[in-house]
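> Sequence and predicted structure below; questions after.
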Amino acid sequence: MSADDGRAKFADFLATQPMTAGITREDVERATTREELGISSLNIILLLVNYIKEETNDSVQLRPEWVSRLGDVEGIVSVVREIDACALAAAK
């Protein structure tokens, strides 16, 4: 998955969440930080919990080492990729 694909997937997920429904793909493409998207540190954790629940059927657990990567969009996208990879590994 390319960086652009990862950002698009993240943007599409944000559009499904009530707290971030107004964030567009263009917003995610332009932003470099979570703050630029108007997402608080608490809300990004809640969004990841929702992502894990919806996309992996709770087969992945939130990892403390991910928290330091959640300040910028590239870090968030890398965490989403890692969640997807963990889910694929768990499904095997």
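Ah, there it is.
> which secondary element of the chain has the worst mean pLDDT?
Using mean pLDDT, DSSP states H and E, helix 3-15 stands out as the lowest-scoring helix or strand of the chain, at a mean of 91.
> Buried residues in that helix, which are they?
6-11, 13-14 (16 or more other C-beta atoms under 10 Å). The way it works is simple: take the backbone N, C-alpha and C, and place the C-beta from them, glycine included.
> which residues does residue 41 contact?
By C-beta atoms under 8 Å, 6 or more residues apart in numbering, the contact set of residue 41 is 34, 70.
> ok, the closest residue to residue 21 other than its chain neighbours to residue 42 distance?
Closest residue to residue 21 apart from its sequence neighbours, by C-beta to C-beta, 6 or more residues apart in numbering: residue 15 at 6.1 Å. Separation of residue 15 from residue 42 (C-beta to C-beta, to the nearest Å): 20 Å.
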